[in-house]
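A.B. asks: Predicted model and sequence follow; I will ask about them next.
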There are 2 protein chains.
Amino acid sequence: MGFGNVSERRSAPPQVGVSVVILALGPEHAEAQDDSGRSQLWLPLVRRVRQPFLGRWALPGGNLRADRSLEQSAFEALESTTALHPRYLEQLYTFGDPDRSHGGLPMVSIVYWALVEREEANGVDRGSDLADAIGRDDAGSDSSGDVSVRATADGDGNVRWFPEHDLPPLAFDHRAIIDYALERLRSKIEYSDVATRLLGPTFTLRQLHDVYEAIAGQDIDLANFRRKMLASGDLEDTGLKRREGRQRPAAVYRYVPRRPQDAGSAYAIDRAVKRDEDEPDTVDSALAALIPSARG
Amino acid sequence: MGFGNVSERRSAPPQVGVSVVILALGPEHAEAQDDSGRSQLWLPLVRRVRQPFLGRWALPGGNLRADRSLEQSAFEALESTTALHPRYLEQLYTFGDPDRSHGGLPMVSIVYWALVEREEANGVDRGSDLADAIGRDDAGSDSSGDVSVRATADGDGNVRWFPEHDLPPLAFDHRAIIDYALERLRSKIEYSDVATRLLGPTFTLRQLHDVYEAIAGQDIDLANFRRKMLASGDLEDTGLKRREGRQRPAAVYRYVPRRPQDAGSAYAIDRAVKRDEDEPDTVDSALAALIPSARG
DNA sequence: CCAAAAGTGTTTTGTGTACACCCATGT
DNA sequence: ACATGGGTGTACACAAAACACTTTTGG
């Protein structure tokens, strides 16, 4: 029990916190698309209310509690700052270089990344009205000088969505962290189901295709994409049809991995979500939630 | 909700430490090979000198210092416990579930993994002189970890190498952590130069081939392997010849990535190695050292 | 009937694998 | 010369890319 003499703080250990990079697709037909009409990734940022970097935009974050798993801490940070409900949550990296605090206390940040489905991102947080819901991209300018600090009041102003390609200046090394998260997303899309986490539980092949193009940032042959996806055997036809445009309706699919697969992260979410009462993690479950897939 | 950032700590934060999974190839012709005569991976463990898990084998570890980067802390932990000099060092994952301490204080362990080249691993340690290796405390344990414990420099018995497939019972969740590190190694071998880090700076294609087989745990067609490696364009013929067996000598190659590549980790090592005096990291360099490659 | 999107076929190109074979070297 | 490991050639299976084509739907 009391072996770790808490009293010994010799070379003062750094502070530790959690941050989360949250990603979602922008609204479908808004200006939330790039030149070529593709959807884009958007992410919510929060305005800092203290030094250093007071007034700048930063990643949502929170504290670590000794009685919570890291995942839970990340989930709570995400939820309490943005009121969002992620469909995917995975540890990204732990940052701790001494100088990243830029005047603050030395800080170790355990960073997670999360995916939120388009519907929720555009509905919940943008106040259910698409138009003004989306943080118009005066974003870039806004951050420029405005250091006004909204009251710590709940609702608004302190959280805003920005498109991946038009981020404001960020606090600390958060910009680089976001880039790293995007890189991770782009690589994981090739061998896991992350793409589906940006859509609802069911989707058409075209929708899925659009997600892939949004993330890859380039055109992908639709015919080949369709064949490849279907050949993977992980898509199950729900039998339903859904019309996106105004022409022929498309088949609706559901993602159903055949192998144990990358169940890790999905499980992680389930746990974080349904854990009201805590039951202790077993080492195994902790690890299960950890091991993302065959390819670390 | 006032914590849109990473700087405020309140409910008792957990302790934080660093641990390292160190991997190297076993000696060439010893029993360090599996049934089919393949080389195997070995790793050094340290014996715990306190509760919980007193007497059990565990990963080498150490403390975090607020004035050191995580990488440096990992490097120091590695060096001070095993006296080894890694050719590769990369962050693996951060573990922090509340129950992983099993009776100790809640503990967050930032785990790194490292590769040591066969020569050094076998030279320094195997055999009988564990000489300067010291049994320091590991992080997963009681962070209490005072750096002074290492004074028990009696020198040996506290560090020992074990083959991957014959590990003793381990403390905490260290067994699962090791498995995760092996998984990471097995996946990274496909798209980075990690394999070469288990050999010296130069090597023959057969040596490299053996490393791949050792890591994959299965036979790999030598002819195709050779072609694939040469086609990658990352191997440079040194013009030298080296005889492994007693027959025809083989061409000696050096790894020379053409693209910026996965320079991250190599750089990380360089930094850790040459840092006697500290110069502050820039955020950029920290990130450069971080981003392992195209595939997170 | 037309436009637009869903969905299919077919050819070409490239990559991985199996395995037969030749070459260089020391005994 | 011959055994051993170094090194090359080649044929086949299969997956990915390119792109022409057919089908279904709403106007």
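C.D. replies: Done, it's in.

A.B. asks: OK, contacts around the residue nearest to residue A:250 when sequence neighbours are not counted?
C.D. replies: Spatial nearest neighbour of residue A:250, excluding adjacent residues (CB to CB, 6 or more residues apart in numbering or on different chains): residue A:204 at 3.9 Å. In short, each C-beta sits where N, CA and C put it, glycine included. By CB atoms under 8 Å, 6 or more residues apart in numbering or on different chains, the contact list for residue A:204 reads A:242, A:244, A:250, A:251, A:252, A:253.

A.B. asks: Across the sheet, point out what pairs with residue A:204.
C.D. replies: Beta-bridge partners recorded for residue A:204 (DSSP bridges): residue A:252.

A.B. asks: what's the answer for residue A:45, then?
C.D. replies: Listed by DSSP bridges, the beta-bridge partners for residue A:45 are residue A:160.

A.B. asks: and the helix or strand containing residue A:179, what does it pack onto?
C.D. replies: Element membership for residue A:179 (DSSP states H and E) is helix A:174-188. The contact analysis (3 or more CB pairs under 8 Å, 6 or more residues apart in numbering or on different chains; DSSP states H and E) places helix A:174-188 against strand A:15-25, strand A:41-47, strand A:88-95, strand A:107-115, helix A:205-216, helix B:283-290.

A.B. asks: how about those, which one is nearest DNA strand D?
C.D. replies: The closest of the helices and strands packed on helix A:174-188 to DNA strand D is helix A:205-216. By CB to the nearest atom of the strand, the value is 10.9 Å.

A.B. asks: Could you check the angle that closest one makes with strand A:15-25?
C.D. replies: Helix A:205-216 and strand A:15-25 are oriented at 130 degrees to each other (axes from the mean of the first three to the mean of the last three CA atoms, to 10 degrees).

A.B. asks: Check which residues of helix A:205-216 are buried.
C.D. replies: A:205, A:207, A:208, A:209, A:210, A:211, A:212, A:213, A:214, A:215 (16 or more other CB atoms under 10 Å in any protein chain shown).

A.B. asks: Quick one, which of the contacts of residue A:204 has the minimum pLDDT?
C.D. replies: For those, the weakest pLDDT value sits at residue A:244, with 83.

A.B. asks: and the stretch 101-250 of chain A, which residues reach chain B?
C.D. replies: Within the stretch 101-250 of chain A, the positions lying close to chain B (CB under 8 Å from any CB of the partner chain) are A:101, A:104-110, A:152, A:154, A:158-159, A:171-173, A:176, A:180, A:183-184, A:187-188.

A.B. asks: Quick one, which of these are buried?
C.D. replies: In these, burial by neighbour count holds for A:101, A:104, A:106-110, A:158-159, A:171-173, A:176, A:180, A:183-184, A:187-188, counting by 16+ other CB under 10 Å.

A.B. asks: For ChimeraX, write the select line for the buried members of the contacts of residue A:204.
C.D. replies: Buried members of those, defined by 16+ other CB under 10 Å, are picked up in ChimeraX with:
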select /A:250,252,253
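
A.B. asks: could you dump the contacts of residue A:204 to a markdown table with distance to residue A:74?
C.D. replies: Output for those, formatted as a markdown table (distance: CB to CB, whole Å):
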| residue | distance to residue A:74 |
| --- | --- |
| A:242 | 33 |
| A:244 | 33 |
| A:250 | 35 |
| A:251 | 36 |
| A:252 | 32 |
| A:253 | 30 |
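
A.B. asks: Give me the subset of the contacts of residue A:204 that also touch DNA strand C.
C.D. replies: Filtering those for neighbours of DNA strand C using CB under 7 Å from any atom of the strand leaves A:244, A:250, A:251.
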